[in-house]
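> make a model of this:
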Amino acid sequence: MKAVRVWYTDFWPGFNPQKLFLLDGLSDDIKVLLDPEHPDVLFYSCFDTKHRAYDDCVRIFYTGENVRPDFNVCDYGLGFDHISFGDRYLRHPLYLEDVVLAEQVRDRAPVDAGFLDNRGFCTFIYSNGRADPVRDGFFHRLSAHRPVNSLGRHLRNDDSFSRLAGLEPVPAKLKVMSGFNFAIAFENSGTPGYTTEKIFHAFAARCIPIYWGNPLVELDFNPRAFVNRHNFTDDESCIAYVMELAADPQRMVAMLNEPVFAEGNDPTFRRRALADFVNHIFDQLPQHARRRSQYGYAPVYVARNAPPQRVWLSKLNMKRKALRSR
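Alright, predicted model coming up:
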């Protein structure tokens with residue numbers, strides 16, 4: 001059995017390396033050893049710059065945010081963009097983080113008109129108030145036609161989510177969203193390919209998503225299953241369509257019973273694609289898996305664009321850890 005030393009850095013607060021994120025489907029012939037000092041493979045994200053202190057390893061960049069991999073810094077990238085770059089990149093949007101839930105959503109049972117009984121109109125669940133103003137603008141305009149329940153920390157007008165106890169954050173979010181027929185599912189920012197969990201969570205809660213963000217979202221999700229703000233000239237025309245739907249239970253039920261994923265976007269296939277991508281990297285010797293250039297101008301570019309103080313501090317902290325472990 002081949003042993004590969006792995007570590008994770010620069011991920012979001014509360015991230016747990018013990019969960020071996022992104023390694024579902026790794027070959028049984030590979031044994032993973034968590035090693036924060038001398039990994040063979042480093043997974044890193046965009047929330048810090050500690051990855052720059054890990055030079056002598058394979059770097060795999062993962063993002064759940066609207067940022068791009070820098071292939072001068074990483075050997076491989078997992079992101080949102082619809083690009084092709086040999087064996088160095090795989091499009092793996094954030095909504096695929098929970099593939100088991102995605103498969104459950106794909107295989108969900110149909111509903112009838114009784115499903116709509118005792119459900120609220122529309123929900124809006126956000127904690128980030130620094131998003132593109134288009135999101136808050138749509139919330140206020142739709143609320144002028146019919147009250148929208150804002151359940152998150154941002155623009156809260158309903159505290160039922162904050163009072164929900166005993167569940168992890170995502171199950172709690174899905175539980176409270178499931179009491180509404182529609183959900184505003186606008187991204188923090190709009191970029192082609194950037195599809196996060198927002199529309200997916202609306203589907204998982206069996207709401208009709210009202211979506212804005214990725215103008216190519218119909219490559220991810222069935223366009224007949226949600227309201228796409230990108231297909232309307234302005235907010236008011238989109239809202240008029242939403243209000244028509246809200247007054248027509250049969251049309252809502254038909255939309256709720258549509259397949260969620262776009263044709264060709266099967267979560268089981270995407271799970272295998274991720275496993276193949278990672279296994280291809282792990283199957284190679286670390287020195288053979290390296291892709292970023294070590295010679296010519298590339299190292300000069302990387303050094304000039306590095307935050308020197310942060311890298312120096314990270315290296316010092318690593319040395320301190322090594323000394324304490326002796």
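> how about the helices in the stretch 201-326 of the chain?
In the stretch 201-326 of the chain, the helices defined using DSSP state H, counting those that start in this stretch lie at 235-246, 249-256, 267-282, 286-289, 298-305, 308-324.
> next, count neighbours for the nearest residue to residue 51 once chain neighbours are set aside.
In space, and not counting its chain neighbours, residue 51 is closest to residue 44: 3.7 Å by Cβ to Cβ, 6 or more residues apart in numbering. C-betas here are computed from N, CA, C, even on glycine. Around residue 44 there are 23 other residues, counting by other Cβ atoms under 10 Å.
> compare the helices of the stretch 201-326 of the chain and give me the one nearest residue 134.
Taking Cβ to Cβ, helix 235-246 is the member of the helices of the stretch 201-326 of the chain nearest to residue 134, at 8.2 Å.
> quick one: list the elements packing against the closest one.
With contacts defined as 3 or more Cβ pairs under 8 Å, 6 or more residues apart in numbering; DSSP states H and E, the packing partners of helix 235-246 are helix 133-145, strand 180-186, strand 208-212, strand 227-228, helix 249-256.
> now render these as CSV, adding distance to residue 154 and mean pLDDT.
Listed next are the helices and strands packed on helix 235-246 as CSV, based on distance: least, Cβ to Cβ, whole Å; pLDDT from 0 to 100:
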stretch, distance to residue 154, mean pLDDT
helix 133-145, 8, 98
strand 180-186, 12, 98
strand 208-212, 16, 98
strand 227-228, 21, 98
helix 249-256, 27, 98
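> which of the ones you listed sits closest to residue 266?
Checking the helices and strands packed on helix 235-246 against residue 266 by Cβ to Cβ gives strand 208-212 as the closest, at 19.3 Å.
> what are the pairing partners of the closest one, and which direction each?
As defined by DSSP bridges, the strand partners of strand 208-212 come to strand 180-186 (parallel), strand 227-228 (parallel).
> how about JSON lines for those strands, with mean neighbour count added?
Compiled in JSON lines, the strands paired with strand 208-212 are given as follows (neighbours: other Cβ atoms under 10 Å):
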{"stretch": "strand 180-186", "mean neighbour count": "25"}
{"stretch": "strand 227-228", "mean neighbour count": "20"}
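> Serialize those strands to CSV and add fields for distance to residue 212.
Below are the strands paired with strand 208-212 laid out as CSV (distance: least, Cβ to Cβ, whole Å):
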stretch, distance to residue 212
strand 180-186, 4
strand 227-228, 8
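> between the ones you listed, which gets nearest to residue 260?
Residue 260 sits nearest to strand 180-186 of all the strands paired with strand 208-212, at 12.6 Å, using Cβ to Cβ.
> what's the angle between that closest one and helix 249-256?
If you take axes from the mean of the first three to the mean of the last three Cα atoms, to 10 degrees, strand 180-186 sits at 50 degrees to helix 249-256.
> who's in contact with strand 180-186?
116, 119-125, 131-132, 134-135, 138-139, 142, 148-149, 177, 198-199, 201-202, 205, 207-213, 226-227, 229, 242, 245-246, 252 (Cβ atoms under 8 Å, 6 or more residues apart in numbering).
> can you do 7 Å?
By Cβ atoms under 7 Å, 6 or more residues apart in numbering, the residues outside strand 180-186 that reach it are 116, 119-124, 134-135, 138-139, 148-149, 177, 198-199, 202, 205, 207-213, 242, 246, 252.
> generate a ChimeraX selection restricted to the buried subset of those.
Only the buried members of the contacts of strand 180-186 end up in this ChimeraX selection, burial being decided by 16 or more other Cβ atoms under 10 Å:
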select :120,121,122,123,124,134,135,138,139,148,149,177,198,199,202,205,207,208,209,210,211,212,213,242,246,252
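> which strand or helix spans residue 170?
Here residue 170 sits within helix 169-177, counting by DSSP states H and E.
> got the CA positions of that helix in CSV?
C-alpha atoms of helix 169-177 as CSV (Å, rounded to 0.1, in the frame of the first residue of the first chain):
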residue,chain,number,x,y,z
PRO,A,169,-25.9,24.6,10.2
VAL,A,170,-26.8,23.1,6.8
PRO,A,171,-29.6,20.7,8.1
ALA,A,172,-31.0,23.6,10.1
LYS,A,173,-31.0,25.9,7.1
LEU,A,174,-32.7,23.3,5.0
LYS,A,175,-35.3,22.6,7.7
VAL,A,176,-36.3,26.3,8.0
MET,A,177,-36.2,26.8,4.2
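> want to throw the helices and strands packed on helix 235-246 into CSV with distance to residue 156?
As requested, the helices and strands packed on helix 235-246 are arranged in CSV below (distance: least, Cβ to Cβ, whole Å):
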stretch, distance to residue 156
helix 133-145, 12
strand 180-186, 14
strand 208-212, 19
strand 227-228, 23
helix 249-256, 26
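> brilliant, that's me finished.
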